[in-house]
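Engineer: here's a sequence, model it:
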Amino acid sequence: MWKTLSPNARFSLIAFVITLGLGLLSMGALGLALYYVVFPFLNKDIDSLQGDSAWPTIILVGMLWSFGFLFAGLAYRYLAKWKSPKYLGYAAYVLIIWVWALTLWYVCLNYKIVN
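Structural biologist: Reported below is the predicted structural model:
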C-alpha cells in the first residue's frame, strides 16, 4: 500500500508521525515555536496562559499541529486532481499548515481548553 501513495501523501504521513511525536517529546518547544510564527496575528499574548494550564496547552498545540499535514496533503491531492499548477499546490500546503497553527493558538488562547 505504501508504494501506491503519491510522494506528497508519503511526505504528509511521515511529517504527521514525526511532528506528533516531536510535539510530545519536545516538551512544548514545538508548540512555543509555532506560537512565535503566528503571534503577530493573535489578539492575546501567550502570557494570558496562567497556572497549571500553560504547559499542557503548549504541548497540546504542538501535537495537534501534526494533523495539519494530513489536511494539507488532502488539499494538495485535490488540487493536483483538478490539474492546478504545482506551485499552487505547494503554496496551499504551506498556507494550510500555517493557518492550522494560527487556528490552534487562537482557540487555545481565547477559550479555556486545558484545565
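
Engineer: tally of neighbours for Trp55?
Structural biologist: 14 (other C-beta atoms under 10 Å). For the C-beta atoms, the positions are set from N, CA and C on the backbone; glycine is no exception.

Engineer: neighbouring contacts of stretch 39-55?
Structural biologist: 28, 32, 35, 57-58, 102, 105-106, 108-110, 112-115 (C-beta atoms under 8 Å, 6 or more residues apart in numbering).

Engineer: now Lys83. Its backbone dihedrals?
Structural biologist: Main-chain torsions, Lys83, degrees, to the nearest 10: phi 60, psi 40.

Engineer: how much space separates it from Ile46?
Structural biologist: Remark: distance between Lys83 and Ile46 (C-beta to C-beta, to the nearest Å) = 42 Å.

Engineer: go on, Ala92?
Structural biologist: Per C-beta to C-beta, Ala92 is found 28 Å from Ile46.

Engineer: show me what whichever helix in the chain runs longest packs onto, helices and strands only.
Structural biologist: The longest helix of the chain (DSSP state H) is helix 86-110. Packing partners of helix 86-110 (3 or more C-beta pairs under 8 Å, 6 or more residues apart in numbering; DSSP states H and E): helix 29-38, helix 54-64, helix 67-81.

Engineer: any idea how far the first one is from the chain center?
Structural biologist: By that I understand helix 29-38. When C-alpha coordinates are averaged (C-alpha atoms, centre = their mean, to the nearest Å), helix 29-38 and its chain have centres 10 Å apart.
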